[in-house]
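Visitor: When you get a sec, could you give me coordinates for this:
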Amino acid sequence: MKIGLVGFAGSGKTTVFNTMTGQDVPVGYGGEVRLGMVRVPDERIVRLSQIFSPKKTTFAEMSFCDVPGEHGSDKGLSPRGLQQIRDQEALCLVLRDFDNPTLEGDPDPLEDLNAFHTECIFADHEIVENLLDRARKERLDQLETAAFETMLSALEGERALRSIPESELDRKYLKSFGLLSDRPLLVALNRAEERAAEPMPEDLAARIEELQAAGLTLSASVEADIASMDPEDQAEFLSDIGLSESAIARFIRAAYGLLDLISFFTVGEDEVRAWTIRRGTKARPAAGKIHSDLERGFIRAEVTPYDLFMEYGSEAAVKDAGKFQVEGKEYVVSDGDIMHVRFNV
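Guide: The predicted structure follows:
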């Protein structure tokens with residue numbers, strides 16, 4: 001699951017990447033995509049670990065990629081940059097909202113968002129137009145041709161493909177083409193330190209909503225300072241600037257949700273661990289995330305929702321209250337489920 005950090009030159013996306021991953025990619029770096037694994041903050045894992053005192057605690061992780069900016073003064077995407085972006089499963093666009101002495105003009109995040117959107121629309125339009133021409137010439141399946149027609153109509157109206165509901169577009173026809181405007185999009189407004197706690201401007205928030213994207217604000221310079229502090233100093237610093245938690249923590253959680261991911265937990269004396277699955281995953285394939293043998297020999301899943309566990313204080317108390325769940329392979333795992341898988345191979 002790769003989430004690409006993208007942005008025009010000077011937006012601060014590499015600073016965001018370095019802060020999240022602990023890497024030291026040079027700002028202005030223009031080489032290959034850099035990859036970093038990032039721990040997904042989750043207070044539930046912290047609390048479960050306090051209760052079970054395991055030998056090991058493992059948080060969910062996700063992969064972030066710093067996609068080098070190769071954009072010209074007209075804010076166009078180079079062919080190489082386009083391909084690097086297409087390889088990502090979701091996109092996080094970092095917008096500059098701070099003075100940068102190396103760049104001309106004042107920051108205009110709304111203009112930058114619209115420029116990025118336009119480039120994605122143009123790039124997708126070329127691909128979809130060619131696909132539709134081929135489908136008509138080769139007389140492909142009518143449903144496939146209709147899907148390309150739906151996509152082309154949206155793009156000609158400058159609508160992102162992600163805005164087309166599932167009821168109108170079967171996305172199996174999009175999978176192999178890397179269409180940018182169908183990628184889930186998170187927009188991060190990168191501000192100067194003194195404005196870190198200010199809300200997002202209404203016009204920008206409205207445009208983000210119109211594009212069927214998600215948005216948040218942060219200050220990359222502040223987040224870099226926070227990351228370098230001892231944990232006990234972080235809370236006081238955040239309070240001083242009017243924030244309740246690190247924006248990077250919110251950023252990572254938002255990106256996690258962008259891909260419609262959830263976590264279920266396994267607990268015990270050896271390890272408390274979060275496992276990442278897509279929302280809607282059933283118990284048997286979820287068990288396979290733990291080990292292939294559990295999926296192959298799946299018998300049942302013993303499930304305690306996290307909130308229920310915390311309400312009663314232990315799995316034994318949940319059982320005594322008659323709230324314990326024994327589920328089969330068709331059970332759809334919920335976010336926060338604590339699972340024990342019974343199997344036989």
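
Visitor: distance of residue 205 from residue 310?
Guide: Using Cβ to Cβ, to the nearest Å, residue 205 is found at 34 Å from residue 310. The C-beta positions use only the backbone N, C-alpha and C, and glycine is treated the same way.

Visitor: And for residue 193?
Guide: Distance of residue 193 to residue 310, computed by Cβ to Cβ: 37 Å.

Visitor: For the helix or strand residue 340 falls within, buried residues please.
Guide: Using DSSP states H and E, residue 340 sits within strand 337-343. Neighbour counts over strand 337-343 (16 or more other Cβ atoms under 10 Å) mark 337-339, 341, 343 as buried.

Visitor: CA atoms only for that strand - export them in PDB, please.
Guide: Only the C-alpha atoms of strand 337-343 are listed here, as PDB (Å, rounded to 0.1, in the frame of the first residue of the first chain):
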ATOM      1  CA  ASP A 337     -11.900  -6.200  16.800                       C
ATOM      2  CA  ILE A 338      -9.700  -8.300  19.100                       C
ATOM      3  CA  MET A 339      -9.500 -11.700  17.400                       C
ATOM      4  CA  HIS A 340      -8.300 -15.200  18.400                       C
ATOM      5  CA  VAL A 341      -8.300 -17.600  15.400                       C
ATOM      6  CA  ARG A 342      -9.000 -21.300  15.900                       C
ATOM      7  CA  PHE A 343      -7.600 -23.400  13.100                       C
END
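
Visitor: Surely residue 4 is in a strand?
Guide: Yes: judged by DSSP: H, G, I helix; E, B strand; the rest coil, residue 4 forms part of a strand.

Visitor: got a list of what it touches?
Guide: 33, 64-65, 67, 84-85, 87-88, 90-92 (Cβ atoms under 8 Å, 6 or more residues apart in numbering).

Visitor: first vs last residue of stretch 275-287, how far apart are they?
Guide: Distance between the boundary residues of stretch 275-287 (Cα to Cα, to the nearest Å) amounts to 10 Å.

Visitor: Residues contacting that stretch, please?
Guide: Residues outside stretch 275-287 that contact it (Cβ under 8 Å, 6+ apart) are 1, 40, 60-62, 259-266, 289-290, 294-295, 298, 301, 303, 327-333, 335, 339, 341, 343.

Visitor: Show me what counts as buried in that stretch.
Guide: So for stretch 275-287, counting by 16+ other Cβ under 10 Å, buried means 275-277, 281-284, 286-287.

Visitor: What about those residues, which are in helices?
Guide: 283-284, 286-287 (DSSP state H).

Visitor: Farthest-apart pair in those, please.
Guide: Greatest spatial distance in these: 284 and 286, 7.1 Å, computed using Cβ to Cβ.

Visitor: Tell me the spacing between residue 246 and residue 215.
Guide: Distance from residue 246 to residue 215, by Cβ to Cβ: 17 Å.

Visitor: I should have written residue 38 there, sorry.
Guide: Taking Cβ to Cβ, one finds residue 38 at 19 Å from residue 215.

Visitor: again with residue 163
Guide: Distance of residue 163 to residue 215, given as Cβ to Cβ: 15 Å.

Visitor: cool, residue 329 as well?
Guide: Separation of residue 329 from residue 215 (Cβ to Cβ) stands at 38 Å.

Visitor: More neighbours: those two, which one.
Guide: Higher neighbour count among residue 329 and residue 215: residue 215, with 20 against 15, using other Cβ atoms under 10 Å.

Visitor: Could you pull out the buried residues of the longest helix along the chain?
Guide: In the chain, taking DSSP H as the definition, the longest helix is helix 109-137. Across helix 109-137, burial judged by 16+ other Cβ under 10 Å covers 109-110, 112-113, 115-117, 119-125, 127-128, 131-132, 135.

Visitor: what ranges do the helices span in the stretch 101-250 of the chain?
Guide: 109-137, 142-156, 202-210, 220-227, 231-240, 247-258 (DSSP state H, counting those that start in this stretch).
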